[in-house]
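Student: Pasted the sequence and its predicted model underneath.
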Amino acid sequence: MASTREIKRRIRGINNILQITKAMEMVSTAKLRRARVRLERTRPYFQTVVDDIQNILAIVGDGHPLLKKRDEKTALYIVITSDKGLAGGYNANIQRLAEKTMADAPSDSKLMVVGTKARDYFERRDYDIVGAYIGLSDEPTYNDARSLALQAVELYRSGEVDSIRMIYTEFESTISYKPKVLQLLPSEDLKAKEGPVTKSSIEFEPSPESVLDYLIPMYVETAIFGALIEAAASEQGSRRMSMENASDNANDMIDDLETNYNRARQAAITSEITEIVSAADAVQ
């Protein structure tokens, strides 16, 4: 059995770690609250953009160049992870899903990665990374999403890639986060909406095609921004849960060590009493 001094030293060390995990849990809780507010504001905006495109396609048809399906030779994957660790299986789940998705696809793969975790992971494995965005996973902005979308759409327009897919973590609740693959272009969501829409009911200036040239890249921007917000909320939720579990484990370890400390202390007292009694008997 360890000495009382060693046990007290371990208790102090675990208490120091406990203070860190509790502080990180509180920080993640505050960040999660802010991310959820942003998420609730973003989702309706994304759906509005999709609805507008569907209404236009119901009038002009699905012949826009950005919506036509191609023979897929090369696919672009936008993989969203975090810049920091200590978030449980958040990053590992995304990395596994990305590798599985690319392995199952018959086409070649190019990567745009968000977060140092994705960049470091896929660089070590010699994937073709055409863009890396670092330092925006915690507090993403729409300008960040626009930069990603601009590069991705340009690769698609130029024919360097034949499809764009995004791999991120969808926020379902404070304890549930689901890795997800979303195809951005050509998108299954961007289809003509069924309904009594006639060509004479809406006029476009300068033309429906010009409006779609503006709206479809906006759809990609909005989808990426929404995914960044979803991922940020999922990251903070996962980190909060990890730190809560770490704090609970630390408390359990402290309880066990305190029990061991009391046993060791009692054993030391008993040993001292025995020595005193034995010495007294020897004197007699």
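Tutor: Cool, the structure landed.

Student: And the helices in the stretch 151-284 of the chain, which stretches?
Tutor: Remark: helices assigned in the stretch 151-284 of the chain by DSSP state H, counting those that start in this stretch are 208-283.

Student: Point out where it drops to low pLDDT.
Tutor: Judged by pLDDT under 70, the stretch 151-284 of the chain has its weakly predicted residues at 189-202, 204, 208, 280-281, 283-284.

Student: repeat that with 80
Tutor: 174, 187-212, 267-268, 271-284 (pLDDT under 80).

Student: from the chain's centre, how far out does whichever strand or helix holds Arg12 sit?
Tutor: Using DSSP states H and E, the element containing Arg12 is helix 4-60. Here helix 4-60 is found 9 Å from its chain centre; the criterion is CA atoms, centre = their mean, to the nearest Å.

Student: same question, stretch 165-174
Tutor: Mean-position distance between stretch 165-174 and its chain equals 7 Å (CA atoms, centre = their mean).

Student: and for it, what are the contacting residues?
Tutor: By CB atoms under 8 Å, 6 or more residues apart in numbering, the residues outside stretch 165-174 that reach it are 32, 35-36, 39, 75-80, 90, 93-94, 97-98, 101, 177-184, 223-224, 227-228, 230-231, 233-235, 237, 240. For glycine as for every other residue, the C-beta is placed from the backbone atoms N, C-alpha and C.

Student: Tell me the buried residues within those residues.
Tutor: Neighbour counting by 16 or more other CB atoms under 10 Å classes 32, 35-36, 39, 75-80, 90, 93-94, 97-98, 101, 177, 179, 182, 184, 223-224, 227-228, 230-231, 233-235, 237, 240 among the contacts of stretch 165-174 as buried.

Student: Verify the contact between Asp83 and Val113 for me.
Tutor: No - using CB atoms under 8 Å, Asp83 is not in contact with Val113, being 11.1 Å away.

Student: If you count surrounding residues, which of those two has more?
Tutor: Val113 (26 against 18; other CB atoms under 10 Å).

Student: and the next element down the chain from the helix or strand that contains the more buried one?
Tutor: Assessed by DSSP H and E, Val113 sits inside strand 108-114. The C-terminal neighbour of strand 108-114 among helices and strands, as given by DSSP H and E, is helix 116-124.

Student: in that following helix, what counts as buried?
Tutor: 116-119, 121-122.

Student: Let me have these in CSV, extended by distance to Tyr214.
Tutor: As requested, the buried residues of helix 116-124 are arranged in CSV below (distance: CB to CB, whole Å):
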residue, distance to Tyr214
Thr116, 33
Lys117, 34
Ala118, 30
Arg119, 31
Tyr121, 36
Phe122, 33
